[in-house]
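>>> Build me a model from this:
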Amino acid sequence: MATTINKQRLVSQVLASGAVEDPAGPELPVLEQLVYAICRENATREQAERAYRRLVEDFFDWNEVRVSSVRELEEALHGLSGAEARSQRILRLLQQIFEDKYSFNLEDVGKAGLKKVGTNLLKYEAINDYMAAWVTQRSLGGHAIPVDTRGLRCARRLGLLEDGQLDQESARTTLEHLVQKNKGQAFTDTLSRVAVEYCHEEPRCGPCPLRGECPEAQTLGIEGTVSARPARPKPR
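Numbers count the residues shown, from 1 in each chain. I've put the predicted structure just below:
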């Protein structure tokens, strides 16, 4: 079990890995940041930004998005994994907010204080813990570390989380205690890139910039990949 000091050292290694040169993402209002978060979850920043940009450019406004079909949104989100499911979530999100507000303005969500942001957002069924944390970090200036399923797996393999820690909300709380607020965006973007590009179910540890710090990579051998296991001899 890694100590807090060791975990903080690992956080420093993540930040120093160079996997993300510029952690700054788009500055967006709350609603737009929620839509962007749907694109960003379990995806790299580049993938999310391309998909989000197509949504903004291909549709007149958010109401047109709301009344569009899943197939039309899928076309805008091509290149993202699970484009159909993401499209359905965007439609549910916009519909729920429209029915509640009769508009698409959520700028008052932080007025009751940052501690209530999650509660205020999670009343919408389409919003999950990752999205609420993303908005808190990116639009409201709060300290939150959004954790998606790929990031959760990566953080556990690195030893930042305990093996049995599978709940995203508790994982987020743990990481928020380890990562300084002013490093939150950089940590989120770096962990996300490593998780999406290398830390697959069967990890590509060989080219991963964190392979030297990762206990999982050490168990997989010198190359640090599942495919690096000795090949079976060919029959003669």
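>>> Every contact and neighbour count from this point should use C-alpha atoms.
OK.
>>> residues in contact with stretch 98-113?
Pro29, Val30, Leu31, Trp62, Leu94, Ile97, Lys116, Val117, Asn120, Leu121, Leu140 (C-alpha atoms under 8 Å, 6 or more residues apart in numbering).
>>> Can you list the buried residues in it?
By neighbour count with 16 or more other C-alpha atoms under 10 Å, stretch 98-113 contains the buried residues Phe98, Phe104, Val109, Gly110.
>>> what about it, start to end distance?
23 Å (C-alpha to C-alpha, to the nearest Å).
>>> let's have the chain start at 78 instead
Right, with 78 as the first residue, what we last looked at is stretch 175-190.
>>> Name the next helix or strand downstream of the helix or strand hosting Glu123, please.
In this assignment (DSSP states H and E), Glu123 forms part of helix 122-135. Note on helix 122-135: by DSSP H and E, the next helix or strand toward the C-terminus is helix 139-143.
>>> Neighbour count, secondary structure and distance to Tyr129 for the contacts of stretch 175-190 - can I get that in JSON lines?
Shown next, in JSON lines, are the contacts of stretch 175-190 (neighbours: other C-alpha atoms under 10 Å; DSSP: H, G, I helix; E, B strand; the rest coil; distance: C-alpha to C-alpha, whole Å):
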{"residue": "Pro106", "neighbour count": "15", "secondary structure": "coil", "distance to Tyr129": "14"}
{"residue": "Val107", "neighbour count": "23", "secondary structure": "helix", "distance to Tyr129": "14"}
{"residue": "Leu108", "neighbour count": "20", "secondary structure": "helix", "distance to Tyr129": "13"}
{"residue": "Trp139", "neighbour count": "19", "secondary structure": "helix", "distance to Tyr129": "12"}
{"residue": "Leu171", "neighbour count": "23", "secondary structure": "helix", "distance to Tyr129": "15"}
{"residue": "Ile174", "neighbour count": "18", "secondary structure": "helix", "distance to Tyr129": "19"}
{"residue": "Lys193", "neighbour count": "13", "secondary structure": "helix", "distance to Tyr129": "27"}
{"residue": "Val194", "neighbour count": "20", "secondary structure": "helix", "distance to Tyr129": "23"}
{"residue": "Asn197", "neighbour count": "15", "secondary structure": "helix", "distance to Tyr129": "24"}
{"residue": "Leu198", "neighbour count": "22", "secondary structure": "helix", "distance to Tyr129": "21"}
{"residue": "Leu217", "neighbour count": "19", "secondary structure": "coil", "distance to Tyr129": "20"}
